[in-house]
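Asks: Attaching a predicted model along with its sequence, questions to come.
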Amino acid sequence: MTPHAAPPAPPAPDTAGQRRPARGRALWLAVLLGVLAALVWASITIGSRDVPWADVLAALGGSTDGFDRAAVAKRIPRTLLALLAGSALAVSGAVMQGVTRNPLADPGILGVNMGASLAVAAGIAYFGLASATGFVWVAIAGAGATAVFVYMIGSLGRGGASPLKLALAGAATSAALASSISAVVLPRGDIADGVRSWQIGGVGGGTFDDIAQVLPFLAVGLLLGLLSARGLNLLALGDDLAAGLGERVAAARTTASAAAVVLCGATTAATGPIGFVGLVVPHVFRLLVGVDHRWLLPFSALGGAALLTAADILGRVVARPGEIDVGIVTALIGGPFFIYIVRRQKVRDL
């Protein structure tokens, strides 16, 4: 190198591993939107009783005369809640994985869902909370406190917050919080059945009023998450290099973490704790569209909506005339996937 030669430029955040052909992304987007439209239609028509298309169209036009049309009117908010909750959980998981550079990060695995659940259960038992709006505020507070606690515990000792330590800290915290929920609820027979049913995680009780009360929080969380995409790309390069490229590391990590907590808390308030959506969906779409969060987060939102809607449909089909709550279905799907990720990644950082 001559004395006047310029030093080599640092690598750009959009690395080769992040790039994918635009045509491929457009193709996957078209496929995903088609699958999502088919799932929405199936969610409205399939249940303990299948509804003919004519009745579906009549119900969408505002008619509720007859059993089938009334059933459709109840399934529409259920489907909408599944779409919103799946999107929020998937984006929350993708953001958590980006912030912590941990392939095992997920609101359920890290105990964040359970922290929100304990806050809601305590609010119902001790403060008489009964509205979705009240649930949201305490759920977000509980989710945030749990996220900070788990990260602090996982950061102790040599090596800092490794994926394995965070997963173990989250699992231990989740177990402790689940026991705490039982301790809060069991003495209160008047609320025990309702809280236990809600704690499984489901979208069957969704109404337009509940959705309207949590929608602003979900919108803010999704917006913050999408705006954090560039910062997450830079954080993936390491804190020192991100700072060298002009990124305010602390602010980027705080904003992204706030988005994940708001999304997780608001969703838990509306549906109860639903696990593994935030683990499965981001991993799948990293393989399809790359690790660039500017693409990963929107695709994860659509994929999460599709996964939770499909899980809800499956829960209705396999147990007719009853149904299996969507939280159980996602656990059956996500448990083996979690084991696969652990074996494949060997608990390395992203």
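Replies: Structure received. Not measured: the values here are computed from a predicted model.

Asks: Find the nearest non-adjacent residue to L110, please.
Replies: G170 (3.7 Å; CB to CB, 6 or more residues apart in numbering). Every residue, glycine included, has its C-beta placed from N, CA and C.

Asks: chain center to the helix or strand hosting that neighbour: distance?
Replies: Per DSSP states H and E: G170 is located in helix 163-185. How far helix 163-185 lies from its chain's middle: 18 Å, per CA atoms, centre = their mean, to the nearest Å.

Asks: on that earlier part again, surely the residue nearest to L110 and G111 touch.
Replies: Yes. Using CB atoms under 8 Å, G170 makes contact with G111 at a distance of 4.4 Å.

Asks: what do these two both touch?
Replies: V150 (CB atoms under 8 Å, 6 or more residues apart in numbering).

Asks: Centre-most residue in this protein?
Replies: For the chain, L89 is the residue whose C-alpha lies nearest the centre (CA atoms, centre = their mean; 0.9 Å).

Asks: which non-adjacent residue is nearest that one?
Replies: V277 (4.0 Å).

Asks: quick one, what contacts the residue lying closest to V318 once chain neighbours are set aside?
Replies: With sequence-adjacent residues excluded and distances taken as CB to CB, 6+ apart, V318 is closest to I324, at 6.4 Å. Under the criterion of CB under 8 Å, 6+ apart, the neighbours of I324 are L314, G315, R316, V318.

Asks: Return the set of buried residues in the helix or strand where the first one lies.
Replies: When you say that, I think you mean L314. For L314, the host element (DSSP H and E) is helix 293-317. Under the neighbour-count criterion of 16 or more other CB atoms under 10 Å, helix 293-317 has 293, 295-316 buried.

Asks: just stretch 250-266 next, same as before
Replies: Neighbour counts over stretch 250-266 (16+ other CB under 10 Å) mark 252-253, 255-266 as buried.

Asks: sorry, back to before: what distance do you get for the residue nearest to the centre of the chain to Y126?
Replies: To Y126, L89 is 27 Å away according to CB to CB, to the nearest Å.

Asks: So which of the buried residues of stretch 250-266 is the closest to L39?
Replies: Ranked by distance to L39 (CB to CB), the buried residues of stretch 250-266 are led by L263 at 20.9 Å.

Asks: what sits up against the helix holding G170?
Replies: Residues outside helix 163-185 that contact it (CB under 8 Å, 6+ apart): 100, 102-105, 108-115, 117-118, 121-122, 125-126, 146, 149-151, 153-157, 159, 191-192, 195-196, 199, 345, 347-349.

Asks: Drop anything exposed from those residues.
Replies: Applying 16+ other CB under 10 Å to the contacts of helix 163-185 flags 100, 102-105, 108-115, 117-118, 121-122, 125, 146, 149-151, 153-154, 191, 195, 199, 347 as buried.

Asks: Just these: which are in helices?
Replies: Using DSSP state H, the members of the buried ones among the contacts of helix 163-185 that fall within helices are 100, 112-115, 117-118, 121-122, 125, 146, 149-151, 153-154, 191, 195, 199.

Asks: sorry, back to before: tell me the backbone dihedrals of the residue nearest to V318, please.
Replies: I324 adopts backbone torsions of phi -100, psi 130, taken as degrees, to the nearest 10.

Asks: same deal with R101?
Replies: In terms of degrees, to the nearest 10, the main-chain angles of R101 are phi 50, psi 50.

Asks: how near is it to G160?
Replies: In this view, R101 and G160 are 11 Å apart by CB to CB.

Asks: higher neighbour count, those two?
Replies: R101 (18 against 11; other CB atoms under 10 Å).

Asks: per-residue confidence at the more buried one?
Replies: For R101, the model assigns a pLDDT of 83.

Asks: Right, I'll call it a day here.
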